[in-house]
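Colleague: sharing a sequence plus its predicted fold:
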Amino acid sequence: ADFAKEKLPLSGLKALVSAGPTHEAIDPVRFIGNHSSGKMGFAIAQQLKELGADVTLVSGPTALPHPQQMTVIPVTSAAEMLEACEKYFDDASIIVMSAAVADYTPIEVAFQKIKKKENEFSIALKKTTDILATLGNKKKKEQLLIGFALETNNELENAKDKLVRKNLDFIVLNSMQDQGAGFATDTNKVTIINRSGESSVFPLKSKEDVAKDICSLILQHIPSKI
Ligand code: CTP
Ligand code: CA
């Protein structure tokens, strides 16, 4: 098996993938979360592993079984995800951040379950740290950094802006306008944009096949990095 692995195209390279949602605690029984299933990130981690990479998958809470033959780091909150990603970032050659990280988190977490009282109730939130932007900031030229963008309007413009702002090599734009694309489905429709601003539009396909498309892009660009 070791002999076979030597020959795979990503053998000897470390990859870091983030996946799933984050849960931001409000009190001991409640959280702020989102509908991310983790399927896209898990599919990318799986493909990278099959290409021979040594994969670390940092995953928010999902219902998916942990994939074999890779390091899975389960996390709950955006803060925990940041800490785990920063820990594995420096050694990684390929970094794909596909997690749906909460943008805001409660300023305070109640120690006891919050009881209902008034008719109106609000929770004070503060911004989370942008994990992808943090990594983009310290990216070395031999690292390939890929992010995702979820947009409902001005899709291309917003995605290109994120690519530049977060110092990415590629951004995968998830279109929510298409049926069968996005959260909790087995299929996805993406547009991949590079640093020159060129975009490739892909048809609706299984998340596994989208992961393969992303990995062929990685394979094309890894030689210029190492
Ligand atoms: N991301 C991250 N840390 C955050 C928020 C987002 O690492 N705190 C990453 C996501 O994993 C994704 C990319 O940033 O790869 C874009 O996420 P998205 O939610 O589309 O963009 P935001 O920059 O959060 O902007 P907005 O939600 O306002 O569109
Ligand atoms: Ca966001």
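Modeller: Structure received. This structure is a prediction, so every number in the text was calculated from the model and none was measured. Ligands and ions are numbered 1, 2, ... in the order given.

Colleague: flag every residue of the protein that's near ligand 1.
Modeller: Neighbours of ligand 1 within the chain, by C-beta under 6 Å from any ligand atom: 18, 78, 97, 99, 101, 103, 128, 130-132, 147-150, 162. Backbone N, C-alpha and C define where each C-beta goes, glycine included.

Colleague: drop anything exposed from these.
Modeller: Buried subset of the residues of the chain next to ligand 1 (neighbour count, 16 or more other C-beta atoms under 10 Å): 18, 78, 97, 99, 101, 128, 130-132, 147-150, 162.

Colleague: okay, and which of these map to strands?
Modeller: 18, 97, 147, 148, 149, 150 (DSSP state E).

Colleague: please pull out the lowest mean pLDDT helix or strand from this structure.
Modeller: Sorting the helices and strands of the chain by mean pLDDT, DSSP states H and E puts helix 2-6 at the bottom, at a mean of 55.

Colleague: what's the closest non-adjacent residue to residue 105?
Modeller: residue 24 (4.0 Å; C-beta to C-beta, 6 or more residues apart in numbering).

Colleague: what does residue 207 give?
Modeller: Nearest non-adjacent residue to residue 207 (C-beta to C-beta, 6+ apart): residue 43, at 4.6 Å.

Colleague: then residue 204?
Modeller: Nearest residue to residue 204, sequence neighbours excluded (C-beta to C-beta, 6+ apart): residue 189, at 4.5 Å.

Colleague: just residue 212 next, same as before
Modeller: In this structure, residue 212 finds its nearest non-sequential neighbour in residue 47, 5.8 Å apart by C-beta to C-beta, 6+ apart.
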